[in-house]
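Visitor: Based on what follows, work out the 3D shape:
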Amino acid sequence: MKKITVIILIIMLFSVFQINLFAQTKDETIKDYTPGILRSLAVGVEYRVKAGFLIGGMSPIPIPLEIQKIENYNPLFNLMLEGEIQKSFNPNWALSFGLRMEQKGMKTLAQVKNYEMVLIQDNESISGVWTGSVQTTVKNSYLTLPVLVVFKPYKRWSIKLGPYLSCLLDGSFWGYASDGYLRVGDPTGEKIEISNAPYDFSDKLAHWNYGLQLDADFQAFPHLFAGLNFTYGINSIFPKNFNTMSFAMHPIYFGLNFGYKF
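Guide: Below you'll find the predicted structure:
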């Protein structure tokens, strides 16, 4: 995803938002009679574009005993850009199809014990269980297709729920293990003291991720809206045959977005 393009789009959306703010009347009923909106309303179709950011991380559910303490967490600045088509069947129900480019990343520092790991030491891979500090950086880019059922309890509010499917475009999962020791093979294996050693599982990431999405949108102006969304990845970001980690890593993210509807 091109960050500069997304940032420019966000700036443009905010600029339009400010212009409409001064033009908005005190009437609580949304009124818009432009030809484009009238044509869309005639067939019950809306076209939307939105941009925003995501905050969250990849986490096992529940947190395993191997992860004893989270020392630091940085959600990073994860951007998203989405196009959406929404088909209404009546005033209260609709179906939404989207196509979204998004970034999902994080940085963490944790204290672990008997944590399954493959480290690189003296240009060789050593596998076993690690006790000490683990610093992890994840930066994944996805192309995501959400299909959501839309419920409109009020004129300005809509609630959306449904599944999504994501395809990994580019991803990295790497970090450092430090200030601890590795037991080769299992907790009773040879003990190797290590001050700092890297690891990299970027080439092990799963190509597909699927999950559930929950949205809430507020129509602030005739064309402009703001939204919140929550996504939970049902499957791990690693495939089932990835045995280095004994637990699944689920992508769990909250999002804030601003959009324009046609």
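
Visitor: going forward, measure contacts between C-alpha atoms and count neighbours the same way
Guide: Fine.

Visitor: Next up, the contacts around Asn257.
Guide: Applying C-alpha atoms under 8 Å, 6 or more residues apart in numbering, one finds that Asn257 lies in contact with Lys50, Ala51, Gly52, Phe53, Ala226, Gly227, Leu228.

Visitor: If we use 6 Å, what do you get?
Guide: Ala51, Gly52, Ala226, Gly227 (C-alpha atoms under 6 Å, 6 or more residues apart in numbering).

Visitor: Okay, and which of the residues you listed map to strands?
Guide: Ala51, Gly52, Ala226, Gly227 (DSSP state E).

Visitor: what about Asp203, neighbour count?
Guide: 10 (other C-alpha atoms under 10 Å).

Visitor: picking up where we left off before, of the contacts of Asn257, closest to Asp179?
Guide: Asp179 lies nearest to Gly52 out of the contacts of Asn257, by C-alpha to C-alpha, at 38.2 Å.

Visitor: From what I see, the closest one and Asn78 are in contact.
Guide: No - if you go by C-alpha atoms under 6 Å, Gly52 and Asn78 don't touch, sitting 8.5 Å apart.

Visitor: CSV for the ones in strands among the contacts of Asn257, including pLDDT?
Guide: Below are those laid out as CSV (pLDDT from 0 to 100):
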residue, pLDDT
Ala51, 97
Gly52, 97
Ala226, 96
Gly227, 96
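
Visitor: among the residues you listed, who's most crowded?
Guide: Sorting those by how many neighbours each has (other C-alpha under 10 Å) puts Ala51 first, at 26 neighbours.

Visitor: Quick check: bridge partners of it?
Guide: Beta-bridge partners recorded for Ala51 (DSSP bridges): Leu81, Phe258.

Visitor: What's the separation between it and Phe254?
Guide: 14 Å (C-alpha to C-alpha, to the nearest Å).

Visitor: ok, now Trp93?
Guide: Using C-alpha to C-alpha, Trp93 is found at 24 Å from Phe254.

Visitor: And for Ile159?
Guide: 15 Å.

Visitor: Compare those two (neighbour count), which wins?
Guide: When Ile159 and Phe254 are compared on other C-alpha under 10 Å, the one with more neighbours turns out to be Ile159, at 20 against 17.

Visitor: Verify the contact between that one and Ala216 for me.
Guide: Yes - if you go by C-alpha under 6 Å, Ile159 and Ala216 touch, sitting 4.6 Å apart.

Visitor: quick one: low-confidence ranges for this structure?
Guide: 1-41 (pLDDT under 70).

Visitor: what are the ranges of the strands in it?
Guide: Taking DSSP E as the test, the strands found in the chain are 45-59, 67-74, 78-88, 93-121, 124-151, 157-184, 191-200, 208-219, 224-233, 250-261.

Visitor: closest to Thr244 out of the ones you listed?
Guide: strand 93-121 (6.0 Å).

Visitor: Return the set of buried residues in the closest one.
Guide: Across strand 93-121, burial judged by 16 or more other C-alpha atoms under 10 Å covers 93-120.

Visitor: So what angle separates the directions of it and strand 78-88?
Guide: Comparing the axes of strand 93-121 and strand 78-88 via axes from the mean of the first three to the mean of the last three C-alpha atoms, to 10 degrees yields an angle of 160 degrees.

Visitor: For strand 93-121, name the packing helices and strands.
Guide: If you count contacts as 3 or more C-alpha pairs under 6 Å, 6 or more residues apart in numbering; DSSP states H and E, strand 93-121 packs onto strand 67-74, strand 78-88, strand 124-151, strand 191-200.
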